[in-house]
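Student: Here you go, sequence then predicted model.
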Amino acid sequence: MRKGEAKWAWEEDGTKVVRSIARTGPGCHQGCGVLLYVKNEKLTKVEGDPEFPHNQGRLCSRCLALTQIVYHPDRLKYPMKRAGQKGEGKWERIPWEEAYGMIAQKFIEIKKKQGPESVIFCQGTGRDIGPYISKLAYSFGSPNKVTFGPLDGHACFAPKVTVLAATTGAFEVTDCAQFFPERYENINWRVPQCIMIWGNNPLTSNPDGFMGYWITECMKRGSEIIVVDPRRTWLATRAKIWLQIRPGTDAALALGMLNIIINEKLCDEEFIRKWTYGFAELTRRVQDYPLEKVSEITWIPKEKIIEASRLYATSKPAAIQWGVSIDQSKECVPAIHAIMSLWAITGNFDVPGGNVIKSQNFNLDDEIKNEFQAISEEQKEKKIGRGIYPLLDQWYLPAVGSVVIDQILTDIPYPIKAAWIQTTNTFACSAADAKRVYEAFKKLDFIVVVDLFMTPTAMAFADIVLPAATYAERDGIALTGGNSIFVGTTNKAIEPVGESKSDMEIILELGKRLNPQVWPWNNVQDMFSAVIKSMEITFEELREKGFAYDTFEYKKYEKGLLRPDKQAGFNTPTGKIELYSTVFEKCGLDPLPYFEEPPESPVSTPEISKDYPLVLTTGAKSWGFFHSEHRQIPILRYMNPDPITEIYPETAEKLGIKDGDWIYIETQHGRCQQRAKLTAGIHPRVIHSQHGWWFPEKPGPEPSLFGVWESNINLLLPSGWVGRSGFGYPFKSQMCRVYKKEES
Amino acid sequence: MPKYGLLIDYDFCTGCHVCEVACKQEHNRPPGDWGIHVMEVEPKIAGGKLYYFPFPTDHCNLCGKRIAKGLQPACVQHCQANVMKFGKIEELINYIQGKTKTVLWVPH
């Protein structure tokens, strides 16, 4: 029996049920509707909400394992301060007041002595704290928000966002009817006839608010798929065409496809004439990428490239769904530009079932920019790395990872003294050249880490550790990660474990101590109302409503919906989609797409390749983990107990490696050990290694740091191989060798 | 009394393990001893198809308590690729018409 008035909380046979939207923590890029079951104040079960359009009742293993996460004995439960040497693992429990007091005192002291810019604020891709940590940093006076690790070349999502903003004035995504609450039933939506899945396995990675299983829904409704992946994913085995590409050569493939589509006149000429700029220049450029050459570069047979080009160009509508591999090449900007050009010249732009421009989502982005991301001109100039990369500066993105680390290590142009690290596991997760990142952070005087568990980062660096809450224990505004689709609320179902608090509450309470005037809200709910001000409702009203989808229209460029002057066209300098980018030109970059070999590859470094003959690609997601999280959750670890490196059987056999052997993977820059998995699902000349591995069951204190140096693939990747735009880093293409680890 | 079962369209099973975790949450059995278990058939040649199959074990009781409440079995509801259907056997048989790679499973 369902009892109770509220739409979002009721009672069922003595159990409280709370309807919520699962944002974070733990980390996730989705925003699935959930029903949280609570008995005797304890969370007993999490189910998918069948009434929520985004996930339609389904739920992945990480949410289904939430009770194991919430009540895990290793959860951080209280604020703690360091009681011994850094990294010794000795902690003393302190009250929140004391923790806030110590942090505020230290930060303000640095602000007075060295300036506020000497405190950096580090955020990962983990939890949805973007607006709040921005405000915390900027209102304190520091322009130094540092992202993802810090991540070199912003090699995750930001390159796509920036290139699409520069060349199309918007952000486009594959249309799986996600912008309609009625989803596939919407009368204007069409099933993509062809979906090209490029550089990701969306079923495991669910990138940036795009839920992978929308692809299988489209396949059941008739979509043919093309998969571009060096790994044989399930999708690759169900694809009409699988292009097993050499890692790091995506730009060449895209240029080769453009060559075929343009020369065979498979383009949408009317769309090109009306809405694009620079088609003649692009046509000339793609002549440099004939089929023979592209096939040689990419290792893909010629006939497959032709077949894929024709299938994509002649399917109407067709869409390209892409992933982080595109961002994770050194020259990723031209790769993104070339792939965008594919959907532009075929007229698959903002049409039903094509690549569509995301909805405005009630102008929340603008509201957040004004209220939470305001920064003074004076502060802006002090950002680490300001002036190095014009394209990065134009969108005011944080400094790239290696530039941050350079500055910490050299004190040039000014010293960094302290770090606030929230939602990121730095050298244990996404930071290339992990040892150097570790050494840099070790140099700082004062570090605070906010997380759910004691991570290698917290153990190695923290002077103060603050316990963060899971989504079951907090209220919040729920937007999907990356491209926001809807807005709704995360609703607290249980009291936080121990004294943990939500990330947002921690920021609000510290913010009040650092700069009270700009944090006027009495509680997080009032702060959330400020986030959704443009909707003209309060947090509580939105909570009652449940969720809201903004109106969504196709072909917005025809209707004057994209430009501030309300004219038809795109919000770019030329008013058109810029196949020839005037923005890149201004920034001193090539205005047209091109391909450049990875810095290390069988082609660019044949000498190195003699000793390191295999291409190493890293970082594909597995089912149970979100980056470096979830390793301590029994049911999720059960699925993937050890770090895995995939090797082709014959390649392994020649090296005397058997399935399940521990092996060393080694580049010129470093080595680590993982367990070999022999599979015909990878190219004979490529191996894939998992990222983000540490072992919560191993000793925490230095030097072990939960075994973080054993299997950390980022020990093998060098520092600073950033694309000339500032975007891009070759996480997916290094040269390596592997050998069996002899038992001692 | 009608007999109930699961119709499994395994051509679409992607091996996500959600059925296992949903089953574990619902029935709280020890690791690996769940009411459903994902089997993998990996092709030995590069071009072959990858198959997974959610194998219901002897522990499966089709989530009788959930059914009584009008809910779907935990694995059926949460399955990411939506490959399982719960229902009366004679109705499920109708779904098989014209399909391949589909298994109708009935508990003991």
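Tutor: It's in. Numbers count the residues shown, from 1 in each chain, chains lettered A, B, ... in the order given.
Student: So which bits of stretch A:111-123 are buried?
Tutor: Going by neighbour count (16 or more other CB atoms under 10 Å in any protein chain shown), the buried part of stretch A:111-123 is A:111, A:115-123. Heads up, the C-betas are built off the backbone N, CA and C, glycines and all.
Student: Could you list which of the residues you listed belong to strands?
Tutor: Counting by DSSP state E, the part of the buried residues of stretch A:111-123 found in strands is A:119-123.
Student: now these as JSON lines including distance to chain B?
Tutor: Below are those laid out as JSON lines (distance: CB to the nearest CB, whole Å):
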{"residue": "A:Val119", "distance to chain B": "41"}
{"residue": "A:Ile120", "distance to chain B": "38"}
{"residue": "A:Phe121", "distance to chain B": "35"}
{"residue": "A:Cys122", "distance to chain B": "32"}
{"residue": "A:Gln123", "distance to chain B": "29"}
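Student: just to revisit the earlier point, which of the buried residues of stretch A:111-123 sit farthest apart?
Tutor: A:Gly115 and A:Gln123 (20.9 Å; CB to CB).
Student: so how many other residues sit close to residue 75?
Tutor: I'll assume chain A. Neighbourhood size, A:Arg75 [other CB atoms under 10 Å in any protein chain shown]: 21.
Student: The intended chain is chain B.
Tutor: Counted with other CB under 10 Å, B:Cys75 comes out at 27.
Student: In terms of helices and strands, where is it?
Tutor: Taking DSSP states H and E as the criterion, B:Cys75 maps to helix B:74-78.
Student: counting contacts, what elements does that helix pack onto?
Tutor: In terms of contacts (3 or more CB pairs under 8 Å, 6 or more residues apart in numbering or on different chains; DSSP states H and E), helix B:74-78 is packed against strand A:42-48, helix B:18-27, strand B:84-88.
Student: What count of nearby residues applies to A:Ala104?
Tutor: Quick note: A:Ala104 (other CB under 10 Å) scores 16 neighbours.
Student: for B:Ile89, same thing?
Tutor: Neighbourhood size, B:Ile89 [other CB under 10 Å]: 15.
Student: For it, give me its contacts.
Tutor: B:2-5, B:104, B:106 (CB atoms under 8 Å, 6 or more residues apart in numbering or on different chains).
Student: So of the residues you listed, which two are at opposite extremes in space?
Tutor: Across the contacts of B:Ile89, the longest distance by CB to CB is 14.1 Å; it joins B:Pro2 and B:Leu104.
Student: Between these two, tell me which one has more neighbours.
Tutor: Between B:Pro2 and B:Leu104, counted using other CB under 10 Å, B:Leu104 has the larger neighbour count: 14 against 8.
Student: The more buried one pairs with what?
Tutor: With DSSP bridges as the criterion, B:Leu104 is bridged to B:Leu7.
Student: Could you say which helix or strand holds A:Arg671?
Tutor: Going by DSSP H and E, A:Arg671 is in strand A:670-678.
Student: Show me which residues of chain B are close to chain A?
Tutor: Counting by CB under 8 Å from any CB of the partner chain, chain B comes close to chain A at B:12, B:14-18, B:20-22, B:24-26, B:31-32, B:42-46, B:48-50, B:52, B:74, B:77-82.
Student: List phi and psi for A:Ile326.
Tutor: phi -70, psi -40 (degrees, to the nearest 10).
Student: what's the nearest residue to it once chain neighbours are set aside in contact with, if anything?
Tutor: In this structure, A:Ile326 finds its nearest non-sequential neighbour in A:Gly199, 4.8 Å apart by CB to CB, 6 or more residues apart in numbering or on different chains. A:Gly199 is in contact with A:228-229, A:250, A:322-326, counting by CB under 8 Å, 6+ apart.
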